[in-house]
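[1] how would this look folded up:
(one chain, ligands or ions: 1)
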Amino acid sequence: MNKENSINNFNWSYATALESSDHIKLQERYELFINGKFVKPLSKKYYETQNPASGKKIANIALAGELDVNAAVNGARQAYNKTWKKMPAKERAVYLFRIARMIQERAREFAVIESLDTGKPIRESRDFDIPLAANHFFYYAGWADKLDYAFPNRKVNSLGVVGQIIPWNFPLLMAAWKIAPALACGNTVVLKPAETTPLTALKLAEIIRDCGLPPGVVNIITGFGQTGAALVNHPDVNKIAFTGSTEVGKLIQHATAGTNKKLSLELGGKAAHIVFADAAINQAVEGIVNGIFFNQGHVCCAGSRLFVQETIADELISKLKFRMESLLVGDPMDKNTDIGAINNKVQLDKINEFIKTGIAEGIEVHQSSCDLPKKGLYCKPTLFIGVAQSNRLVQEEIFGPVLTIQTFRTIEEVIEKANNTNYGLSAGVWTDKGAKILQLSAKLKAGVVWANTYNKFDPASPFGGFKESGFGREGGVHGLIPYLNF
Ligand code: ADP
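    This next block holds a predicted model:
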């Protein structure tokens, strides 16, 4: 089968290149991973997960109730007291190295499962999620026995039992971002993946079991928000690390207020992508497409607000529309696919609601002319052009392939507009002038500012937010701080 796109007499035609999933063995049912073993939930309940690209059932997943959360936290406490706290740091490092190597060995399997579970293109999970997850374990393995060098003249100690709750957009990568620094610092872990994407965390549990990590050091429990809330409220948890929506982040902040629990939050974003007239325009178009359309816009740091200098606005928008026509929306398992499936129905409905509202308000809209697959949860890449600063589309996080476009004349104007948001996770700047980059990176209230590139990640580089995007950093030396007492 050929896929064709055409605009202005250009044609792109690709033969389907499906990634095989024959080598993947999925179970009918997945249990909880507590004390080094897969165990049936005391709640006796399971729920079903679906492949968002086909709507087909993937598996039954154990639903952890309060007793199960209790068992996991107790397991983590015993492991902390009996083994992990006392283990020499260089031995802890060995386990982290082992986990990293085992993820690499099973990388293909993990990539396929990640794409089945999330709907993200196989190219993304194969080239980004899984290698970066392994790299985080490698990186923090290196820090485990060097904490005294990371914080000279300060005595640091582990915290104890850490509860970690993660979302569905980067399931394995978020698990690695959370588990690797926690273990390197000598803590034990109870991790809850998102309800729609538990599979790679459960596969990671197999690696954790097989690498000989002492039982209870990492426990993985599955379930919905209530399971997460039970973990947050458990009295024997010393720290909560959460990545997810600002709404739930606020609930967790309330729940932990007045307790001794440490907290770090990585929440929503509404990143500004700023393109000056002196930028390399084709490169900027590629960065914009990467920032908002690849990975379905399911990225907290997605560049969802484009600010383009007035003099080049027409040229940039027409180049962007042209590039959008060559984006392939479809089967996540096809290696050509740029934009896969939206992870779940609730999220797709939310994105469509935003698009409907924008159209009803009479904002100029542009969507790719591609056909969407008949089955599954898909959304066309969408532009809203000339949107007012106060509009919901500009102010609220959409978490889908939807880009708003505004113009600006001066640097002062764009700094003010870009900072006029409740969020502050990331930003992108496109210009030929180093001085503008330096000025903007100092003045933009965003945890990360990329210059002439976008969505670049490295385990050594800290990531985190300002304002309602949260607090605490993940990655780099800074990523150790939330897991230590000073
Ligand atoms: P998203 O919009 O990315 O789904 P959520 O904030 O809804 O973000 O979910 C992120 C994670 O938080 C998921 O693992 C989810 O199950 C969990 N969660 C949802 N509600 C709560 C809650 N009240 N307390 C703790 N965790 C929760």
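[2] okay, now Glu468: neighbour count?
    20 (other C-beta atoms under 10 Å). The C-beta positions use only the backbone N, C-alpha and C, and glycine is treated the same way.
[3] Gly269 is in contact with that one, correct?
    No. The criterion here is C-beta atoms under 8 Å, and Glu468 misses it with Gly269 at 9.2 Å.
[4] and for the two, which residues touch both?
    423-424 (C-beta atoms under 8 Å, 6 or more residues apart in numbering).
[5] ok, now which ones touch the residue of the chain at minimum distance from the ligand?
    Checking the chain residue by residue against the ligand with C-beta to the nearest ligand atom singles out Gly228 as nearest, at 2.3 Å. By C-beta under 8 Å, 6+ apart, the residues touching Gly228 are 165, 192, 248.
[6] just the ones of those in strands?
    In this view, the contacts of Gly228 that belong to strands under DSSP state E are 165, 192.
[7] among the contacts of Gly228, which are in reach of the ligand?
    165, 192, 248 (C-beta under 6 Å from any ligand atom).
[8] could you count how many residues lie near the second one?
    Lys192: 27 surrounding residues under other C-beta under 10 Å.
[9] tell me where the stretch 51-200 of the chain has strands.
    57-62, 157-158, 161-165, 188-192 (DSSP state E, counting those that start in this stretch).
[10] turn the ones next to the ligand among the contacts of Gly228 into JSON lines, columns for distance to His234.
    Shown next, in JSON lines, are the ones next to the ligand among the contacts of Gly228 (distance: C-beta to C-beta, whole Å):
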{"residue": "Ile165", "distance to His234": "12"}
{"residue": "Lys192", "distance to His234": "12"}
{"residue": "Val248", "distance to His234": "17"}
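[11] let's have the residues you listed in a markdown table, adding distance to Leu306 and pLDDT.
    Putting these into a markdown table (distance: C-beta to C-beta, whole Å; pLDDT from 0 to 100) gives the following:
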| residue | distance to Leu306 | pLDDT |
| --- | --- | --- |
| Ile165 | 31 | 98 |
| Lys192 | 35 | 98 |
| Val248 | 28 | 97 |
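[12] identify, from these, the entry nearest to Glu310.
    Of all those, Glu310 sits closest to Val248, with 38.9 Å by C-beta to C-beta.
[13] isn't Phe151 up against Phe486?
    Yes. Counting by C-beta under 8 Å, Phe486 is a contact partner of Phe151 at 7.2 Å.
[14] those two: which is more packed in?
    Phe151 (15 against 8).
[15] and that one, what are its phi and psi?
    phi -130, psi 80 (degrees, to the nearest 10).
[16] secondary structure element holding the residue of the chain closest to the ligand?
    If you go by DSSP states H and E, Gly228 is part of helix 225-233.
[17] avg pLDDT for that helix?
    Mean pLDDT, computed over helix 225-233, is 98.
[18] same thing with stretch 26-38?
    98.
[19] how long is it end to end?
    Its start and end residues considered, stretch 26-38 measures 15 Å (C-alpha to C-alpha, to the nearest Å).
[20] contacting residues for the residue positioned nearest the centre of the chain?
    Centroid-nearest residue in the chain: Phe170, 4.0 Å away (criterion: C-alpha atoms, centre = their mean). When contacts are counted by C-beta under 8 Å, 6+ apart, Phe170 is found next to 129, 299.
[21] swap in 10 Å and give it another go.
    114, 118, 120, 124-125, 128-129, 132-133, 176-177, 197, 200, 243, 295, 298-300, 457 (C-beta atoms under 10 Å, 6 or more residues apart in numbering).
[22] just Arg392 next, same as before
    Taking C-beta under 10 Å, 6+ apart, one finds 354, 357-358, 361, 398 in contact with Arg392.
[23] apply 8 Å and report the result again.
    Counted by C-beta under 8 Å, 6+ apart, Arg392 has contacts 354, 357.
[24] try His366
    Neighbours of His366 in contact, by C-beta under 8 Å, 6+ apart: 321, 324, 382-383, 385.
[25] sort out for me which of the residues you listed are in helices.
    Among the contacts of His366, DSSP state H puts 321, 324 in helices.
[26] only whichever of the contacts of His366 are buried, select them in ChimeraX.
    Applied in ChimeraX, the following selects the buried portion of those according to 16 or more other C-beta atoms under 10 Å:
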select :321,324,382,383,385
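[27] now the contacts of His366 as a markdown table including distance to the ligand and pLDDT?
    A markdown table is the format used below for the contacts of His366 (distance: C-beta to the nearest ligand atom, whole Å; pLDDT from 0 to 100):
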| residue | distance to the ligand | pLDDT |
| --- | --- | --- |
| Lys321 | 29 | 97 |
| Met324 | 25 | 96 |
| Thr382 | 19 | 98 |
| Leu383 | 23 | 98 |
| Ile385 | 27 | 98 |
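[28] near the ligand, which residues of the chain are found?
    165-168, 192, 194-195, 224-225, 228-229, 232, 244-245, 248, 251-252.
[29] can you do 5 Å?
    Within the chain, the residues that sit near the ligand (C-beta under 5 Å from any ligand atom) are 165, 167, 194, 225, 228-229, 244-245, 248, 251.
[30] now the buried members of the residues you listed.
    Judged by 16+ other C-beta under 10 Å, buried ones among those: 165, 167, 194, 228-229, 244, 248.
[31] can you redo those residues as CSV with distance to Phe33?
    CSV is the format used below for these (distance: C-beta to C-beta, whole Å):
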residue, distance to Phe33
Ile165, 16
Pro167, 19
Ala194, 16
Gly228, 16
Ala229, 20
Gly244, 21
Val248, 23
